[in-house]
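> here is my input; please provide its structure:
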Amino acid sequence: MSERTSEPGRTRAEIWDARHAAQGPIESADADPTLVEEVAALTPGVALDLGAGDGRNAVWLAGHGWCVSAVDFSAVAIDRGQALATAAGVEIDWRQEDLLAWTPPAIAFDLVALFFIHLPQEERRGVYARAASAVRPGGTLLVVGHDRSNLRDGFGGPRDPDVLFTPADIVRDLPARFTVIRAETVRRPGAPPPAPIDAIVRAVRIDG
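The predicted model follows:
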C-alpha cells in the first residue's frame, strides 16, 4: 500500500482501482517470504489478510489449510485475487472495504496479517488497533512494512517518512495483552542490493 490514500475528488477505492488497473499485478504471485517464514510453523486456523492487494498472501494461506478472509480497498485487486485463488483451487472470503472505516469482527481470528499498509501515524494507529482487537487469545498479529531506515539505506517503498515506521513504533502501540515474539529490522533476503529494509513484528495475544 502506498502512502497516499486520499486525493481531492476521488475515494480511496477509486484511487486504488486506478493504481491496480494501470498495470498488471503489482505484486509477485508468490507469497511474501516473511509470511511463509513466520506462519509456516503455526497451526492453521482462521486468518484475516488486511490490505490483501492482488491476493498472493491470502492464496498461500488458503493453500496451507487456513480459512481466510481477505480485505482490500480495491475491487480491481480483489478481482485479480479471486482469479489467483481460482487458479490455485482455493476458496477465500473477499471483501472490498475502506480499512480506515471498516472494523473487523472482534476476537475472531487466529492470525491477522498486515503487510505494507503505510499510512500517516494517526490513521495507522486506528487501523492497527482494530486489527489487534480482531485477534483471538493465543492468536498472532503479524505486521510487515518498509522500515523508516529504508528511506535512506534501502530501496523502493514510500518516499514519505511520515508513513514509514520501525518495529519499536508498532510495539509501542500494541495493547498490553500482546506478547512480542519478534520485533526486528531486516534487509530483505534474496533482493539485489541495495535490498529493501523491512520492519517485522510478530506478537501473540495472551488473554481475552
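> the longest strand seen in the chain - which strands sit beside it in the sheet, and in what orientation?
Using DSSP state E to define each element, the chain has its longest strand at strand 135-146. Here strand 135-146 is paired, per DSSP bridges, with strand 109-115 (parallel), strand 197-205 (antiparallel).
> deepest of these, which one?
Across the strands paired with strand 135-146, averaging neighbours per residue (mean count of other CB atoms under 10 Å) puts strand 109-115 on top, at a mean of 25. Bear in mind the C-beta positions are built from the backbone N, C-alpha and C, glycine included.
> now it: average pLDDT?
Averaging pLDDT along strand 109-115 yields 98.
> gap between that strand and the chain center?
8 Å (CA atoms, centre = their mean, to the nearest Å).
> same thing with stretch 195-208?
Relative to its chain's centre, stretch 195-208 lies at 11 Å (CA atoms, centre = their mean).
> follow-up on the earlier one: quick one: which of the strands paired with strand 135-146 is nearest S28?
strand 109-115 (12.3 Å; CB to CB).
> ok, residues contacting that closest one?
Taking contacts as CB atoms under 8 Å, 6 or more residues apart in numbering, the residues outside strand 109-115 that touch it are 32, 34-35, 39, 42-43, 45-51, 53, 57, 61, 66, 69, 104, 127-128, 131-132, 134-136, 138-145.
> so the closest residue in space to V143 that isn't next to it in sequence bridges to which residues?
Leaving aside its sequence neighbours, V143 sits nearest to V201 (CB to CB, 6 or more residues apart in numbering; 4.4 Å). Under DSSP bridges, the beta-bridge partners of V201 are V143, A183.
> show me where this protein has helices.
All helices of the chain, identified by DSSP state H, fall at 12-21, 33-39, 56-63, 75-88, 121-133, 150-153, 167-173.
> C-alpha coordinates for the third one, CSV please?
As requested, C-alpha coordinates have been extracted for helix 56-63 and formatted as CSV (Å, rounded to 0.1, in the frame of the first residue of the first chain):
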residue,chain,number,x,y,z
ARG,A,56,-0.8,-13.6,-3.0
ASN,A,57,-0.6,-14.0,0.8
ALA,A,58,-4.2,-14.9,1.1
VAL,A,59,-3.9,-17.6,-1.5
TRP,A,60,-0.8,-19.0,0.1
LEU,A,61,-2.6,-19.2,3.5
ALA,A,62,-5.7,-20.8,2.0
GLY,A,63,-3.4,-23.3,0.2
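> heads up, I number from 205, so please use that
Understood, numbering begins at 205; the last thing we discussed is helix 260-267.
> before we move on, back to that, show me the one of the strands paired with strand 339-350 that comes nearest A279.
So among the strands paired with strand 339-350, strand 313-319 is nearest, using CB to CB, at 19.5 Å.
> okay, the angle between the closest one and helix 260-267?
Counting by axes from the mean of the first three to the mean of the last three CA atoms, to 10 degrees, strand 313-319 lies at 150 degrees to helix 260-267.
> export strand 313-319 to PDB, keeping only CA atoms.
Only the C-alpha atoms of strand 313-319 are listed here, as PDB (Å, rounded to 0.1, in the frame of the first residue of the first chain):
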ATOM      1  CA  PHE A 313      -9.100 -14.700  14.000                       C
ATOM      2  CA  ASP A 314      -6.100 -16.900  14.800                       C
ATOM      3  CA  LEU A 315      -3.900 -14.800  12.500                       C
ATOM      4  CA  VAL A 316      -4.200 -11.200  11.400                       C
ATOM      5  CA  ALA A 317      -1.700 -10.100   8.900                       C
ATOM      6  CA  LEU A 318      -0.900  -6.500   7.800                       C
ATOM      7  CA  PHE A 319       1.700  -6.300   5.000                       C
END
